[in-house]
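Asker: Return a 3D structure for these sequence lines:
(one chain, ligands or ions: 2)
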Amino acid sequence: MTRMVVRCPAKVNLHLEVLGLRPDGYHEVRTLLAAVGLWDELEVEAAPPGVWELRVEGGVSLPADNTVWRAAKLLLSAFPDAGGARVVLRKGIPAAAGLGGGSADGAAALVALAKLWGLPVEPGQLVAMASEIGSDVPFFLFGGACWATGRGEQVLPLPDLPRYGVVVIPGQEPVSTPAVYRAWDEAQQESALPSFEPAPGLPRPGAGWHEGEGFFLYDWLVGKGELPFAKLRNDLQAAAIALFPWIGENLALLARFSPLTAMVSGSGGTVFGLFRDEGEAVRVAAELSPRQAVAVPLLRREESQLLAHAE
Ligand SMILES: C[C@@](CO)(OP(=O)(O)O)[C@H](O)COP(=O)(O)OP(=O)(O)OC[C@H]1O[C@@H](n2ccc(N)nc2=O)[C@H](O)[C@@H]1O
Ligand SMILES: Nc1ncnc2c1ncn2[C@@H]1O[C@H](COP(=O)(O)OP(=O)(O)O)[C@@H](O)[C@H]1O
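Answerer: Ligands and ions are numbered 1, 2, ... in the order given. This is a model prediction of the structure:
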């Protein structure tokens, strides 16, 4: 294999609980992540050892230490003789929007370069490298719908969701994830809640797990019901809106169309609405078009497998 093109999907957080600030500076979260059909494209071509070139297309300029380069560095430090690469990253996913584009690119770079260089990477090693790149990166190795805990890097794959239609409004300016988490911290201090001490591996009642009720996705998981739309929420939403009031305005616009649920994705500024099917999502997006709204499908696991799209 000397050349490969991999498509990298975006994600939305259908549910995001923030449990508290951890001693390591990250926040303990529980989140329902779902891959959606909004894509970046990563093209990798084999080159002699020592050659590394990355061209980014799509009007976005990325930091030198971007997620694609970080993926390559991790592989090269584990396999120093792996080789070189010429890479083109075509950005279709808006950056710093809560859609996980950088994380998807990092995961795609790991799998594409490992394949290109023929590296014997163990699955566990790949997941460990992914979590080193970023908290949301392991999710993209699994795709579909996943429940993620810890700082978001501990991922449990879930069954595919029904074919809901999603309308996303990406927003008008980049939103910094650390700034939104900091705003969440400040809001907690004002309400004088204690900070969070993680006890890894132990389910904690009160978040996702409702005492007496069990895991709040249980009925859906065992095929006994719909997603619990009324219980889905994003704990970062208020902080994101406080920093960027236009996020709240976009949310209000979506709410007019009676979605099953509508919320901020991750730390924003994307807001999304969930609709019964793709046809309804397409009609809503057409009415919201001045706000750059797009209708995107929720992807089945099979459709969001990174290598499944390799040419
Ligand atoms: C909010 C979420 C929800 O899925 O997504 P985005 O809005 O970024 O897409 C994630 O928690 C973002 O994950 P990700 O973007 O991978 O974050 P990382 O690169 O690991 O961390 C960037 C910074 O965000 C903060 N951070 C991130 C994850 C986490 N659980 N707690 C944090 O406090 C920290 O300040 C960290 O230095
Ligand atoms: N491959 C990449 N694509 C986009 N942004 C990247 C990438 N690598 C690093 N970044 C940096 O990560 C930040 C967050 O990007 P992104 O993953 O798009 O958003 P979010 O974390 O909100 O989902 C960007 O502002 C950018 O500086």
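Asker: Buried residues of stretch 66-80, list them for me.
Answerer: If you call a residue buried by 16 or more other C-beta atoms under 10 Å, then stretch 66-80 has these buried ones: 66-72, 74-76, 79. C-beta: built from backbone N, CA, C; applies to glycine.
Asker: Check stretch 258-268 too.
Answerer: So for stretch 258-268, counting by 16+ other C-beta under 10 Å, buried means 259-268.
Asker: Same list, the residues you listed, but only the ones touching ligand 1.
Answerer: 266-267 (C-beta under 6 Å from any ligand atom).
Asker: Sitting in helices, which of the buried residues of stretch 66-80 do you find?
Answerer: 67-72, 74-76 (DSSP state H).
Asker: got the contact list for the closest residue to ligand 1 within the stretch 201-311 of the chain?
Answerer: For the stretch 201-311 of the chain, the residue closest to ligand 1 is G266, as judged by C-beta to the nearest ligand atom, at 2.4 Å. The contact partners of G266, by C-beta atoms under 8 Å, 6 or more residues apart in numbering, come to 11-13, 16, 98-100, 136, 177, 234, 236.
Asker: let's see 10 Å
Answerer: Contact analysis of G266 by C-beta atoms under 10 Å, 6 or more residues apart in numbering lists 11-13, 16, 29, 31, 33, 97-100, 103, 136, 152, 175, 177, 180, 234, 236-237, 240.
Asker: SS state for it?
Answerer: At G266 the chain is in coil, as set by DSSP: H, G, I helix; E, B strand; the rest coil.
Asker: what does P297 give?
Answerer: The three-state label for P297, taken from three-state DSSP, comes out as strand.
Asker: what's the closest non-adjacent residue to it?
Answerer: G37 (4.5 Å; C-beta to C-beta, 6 or more residues apart in numbering).
Asker: One more: M1?
Answerer: The shortest distance from M1 to any non-neighbouring residue, by C-beta to C-beta, 6+ apart, is to L116 (5.8 Å).
Asker: Any figure for the gap between the one you found and L54?
Answerer: L116 sits 14 Å away from L54, going by C-beta to C-beta, to the nearest Å.
Asker: do W117 as well
Answerer: 16 Å.
Asker: More neighbours: which of these two?
Answerer: Neighbours of W117 and L54, each counted by other C-beta atoms under 10 Å, are more numerous for W117; the result is 21 against 18.
Asker: Walk me through the domains of this protein.
Answerer: 3-159, 165-297 (automatic domain parsing).
Asker: Out of the ones you listed, which is closest to S304?
Answerer: Comparing those by their distance to S304 (C-beta to C-beta), the top pick is domain 3-159, with 3.1 Å.
Asker: Contact partners for the residue nearest to L54 when sequence neighbours are not counted?
Answerer: Ranked by C-beta to C-beta, 6+ apart and with sequence neighbours excluded, the top spatial neighbour of L54 is V87, at 4.7 Å. Counting by C-beta under 10 Å, 6+ apart, V87 touches 42-45, 47, 52-56, 68-69, 71-72, 105, 109, 112-113, 116.
Asker: Any of those buried? List them.
Answerer: Here, 16+ other C-beta under 10 Å leaves 42-44, 47, 54, 56, 68-69, 71-72, 105, 109, 112-113, 116 buried among the contacts of V87.
Asker: so which of these are also by ligand 2?
Answerer: Answer for those near ligand 2 (C-beta under 6 Å from any ligand atom): 68, 105.
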